[in-house]
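Peer 1: the sequence and its predicted three-dimensional model are supplied below.
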Amino acid sequence: MGFPTGISGADLVWRGEVQAMKFGTRFVMPRRIESLDQLDNGAFCATFANGRRVLAASVVVATGVQYRRLPIARLAEFEGTGIYYAATENEARFCRDTEVLVIGGGNSAGQAAMFLSRTARHVRLLVRGDTLASSMSSYLSSRLEADPAITIEYGTHAVGLHGGDNLEAVTIRNEDGDRTVASCAVFVMVGAAPNTGWLAELVALDDKGFVLTGEEAGALSPFATSCAGIYAVGDVRAGSVKRVASSVGEGSVVISNVWEHVRGLGRA
Ligand SMILES: Cc1cc2nc3c(=O)[nH]c(=O)nc-3n(C[C@H](O)[C@H](O)[C@H](O)COP(=O)(O)OP(=O)(O)OC[C@H]3O[C@@H](n4cnc5c(N)ncnc54)[C@H](O)[C@@H]3O)c2cc1C
């Protein structure tokens with residue numbers, strides 16, 4: 001909404017950052033929170049990867065999801081030079097007139113294959129199972145099957161990556177054995193995980209690691225977690241719709257809850 005010709009993620013985030021700075025927000029980056037503890041006085045202590053700590057009366061968790069990787073040798077080496085986790089205009093441009101592989105059997109893999117088939121010479125979709133019926137919408141799998149620029153290979157997975165500075169070929173395996181196909185781009189679309197292990201001691205998570213909020217967490221407000229003073233918004237929240245606008249909306253709504261909590265501490 002509001003960007004009729006689209007906007008890159010980096011551009012959108014930069015504009016948001018400048019706007020937030022105008023309101024006095026302080027940014028600490030790039031820093032990863034490794035653990036969160038609650039002190040005896042109820043305050044929270046977040047520890048960064050570099051050992052620095054920050055004290056807070058309340059915490060809003062908005063750490064999103066991180067895309068799953070695959071256990072293939074040299075995967076990390078080719079990330080950004082042949083291994084991708086998103087299919088945007090940038091990657092499509094890079095793949096023009098080449099052979100690309102998409103790994104995964106869900107809707108995101110299907111959408112990526114459709115999108116890339118417009119520019120790539122050929123798209124090979126590697127699916128671990130022997131059908132897409134239970135993992136992909138039928139309208140999408142029908143379109144993939146009908147597209148001559150796309151080949152779906154069932155019961156197949158990637159086992160080796162080859163190349164120098166850039167990816168050049170991939171060894172794939174199925175019940176007939178291994179074969180190596182030339183490819184300069186592999187899109188890994190095998191789902192995402194919230195990586196909330198660092199929060200697990202303090203707040204209730206669902207079986208996939210997403211943070212439970214509202215009624216499911218026994219809390220009154222929709223973004224409150226099972227631990228008073230900790231809130232969760234956006235993709236990291238169990239049941240969220242995984243959209244920019246809803247994440248931003250949840251982030252703005254939750255702040256009144258945060259103030260209520262902080263004012264309540266003042267009265268205690
Ligand atoms: C390829 C792609 C295309 C998409 N297209 C659209 C679209 O067109 N429209 C739409 O509405 N939505 C789209 N989405 C979904 C949208 O990007 C997400 O719903 C939205 O970004 C979620 O916002 P968030 O703030 O919850 O999480 P994110 O935007 O994922 O932000 C989480 C941030 O937290 C940081 N973080 C994670 N762990 C830690 C930690 N331990 N310590 C410190 N920082 C941490 C991460 O580095 C990241 O910067 C798309 C997603 C993808 C992957």
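Peer 2: Yep, that arrived.

Peer 1: now the helices: where do they sit in this structure?
Peer 2: Ranges of helices in the chain, per DSSP state H, are 9-22, 75-78, 89-94, 107-116, 138-146, 244-267.

Peer 1: now render those as TSV, adding mean pLDDT.
Peer 2: Shown next, in TSV, are the helices of the chain (pLDDT from 0 to 100):
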stretch	mean pLDDT
helix 9-22	92
helix 75-78	96
helix 89-94	87
helix 107-116	95
helix 138-146	95
helix 244-267	91
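
Peer 1: out of these, deepest packed?
Peer 2: helix 107-116 (a mean of 22; mean count of other Cβ atoms under 10 Å). Bear in mind the C-beta positions are built from the backbone N, C-alpha and C, glycine included.

Peer 1: can it be said to contact the ligand?
Peer 2: No - taking Cβ under 6 Å from any ligand atom as the criterion, helix 107-116 and the ligand are apart, separated by no less than 7.8 Å.

Peer 1: just want the angle from that helix to helix 138-146.
Peer 2: 40 degrees (axes from the mean of the first three to the mean of the last three Cα atoms, to 10 degrees).

Peer 1: you'd agree H162 is up against V170?
Peer 2: Yes - applying Cβ atoms under 8 Å as the test, H162 and V170 come out as touching, 7.2 Å apart.

Peer 1: overlap in contacts of those two?
Peer 2: By the contact definition Cβ atoms under 8 Å, 6 or more residues apart in numbering, H162 and V170 are jointly contacted by T180.

Peer 1: those two: which is more packed in?
Peer 2: Neighbour comparison, H162 and V170: the larger count goes to V170, with 29 against 15 (by other Cβ atoms under 10 Å).

Peer 1: check contacts around S58.
Peer 2: When contacts are counted by Cβ under 8 Å, 6+ apart, S58 is found next to 44, 229-231, 258, 261-262.

Peer 1: near the ligand, which residues of the stretch 51-200 of the chain?
Peer 2: Contact residues (Cβ under 6 Å from any ligand atom) of the stretch 51-200 of the chain with the ligand: 62-64, 86.

Peer 1: rewinding a little: using JSON lines, lay out the helices of the chain together with distance to L101.
Peer 2: Output for the helices of the chain, formatted as JSON lines (distance: least, Cβ to Cβ, whole Å):
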{"stretch": "helix 9-22", "distance to L101": "24"}
{"stretch": "helix 75-78", "distance to L101": "12"}
{"stretch": "helix 89-94", "distance to L101": "12"}
{"stretch": "helix 107-116", "distance to L101": "10"}
{"stretch": "helix 138-146", "distance to L101": "14"}
{"stretch": "helix 244-267", "distance to L101": "28"}
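
Peer 1: out of the ones you listed, the one nearest L36 is which?
Peer 2: Taking Cβ to Cβ, helix 244-267 is the member of those nearest to L36, at 15.4 Å.

Peer 1: next, the angle from that closest one to helix 9-22.
Peer 2: Interaxial angle, helix 244-267 versus helix 9-22 (the same axes, to 10 degrees): 30 degrees.

Peer 1: contacts for helix 244-267 next, please.
Peer 2: Under Cβ under 8 Å, 6+ apart, the answer for helix 244-267 is 1, 12, 42, 57-58, 60, 62, 64, 221, 223-224, 228-229, 231, 233-235, 237, 240.
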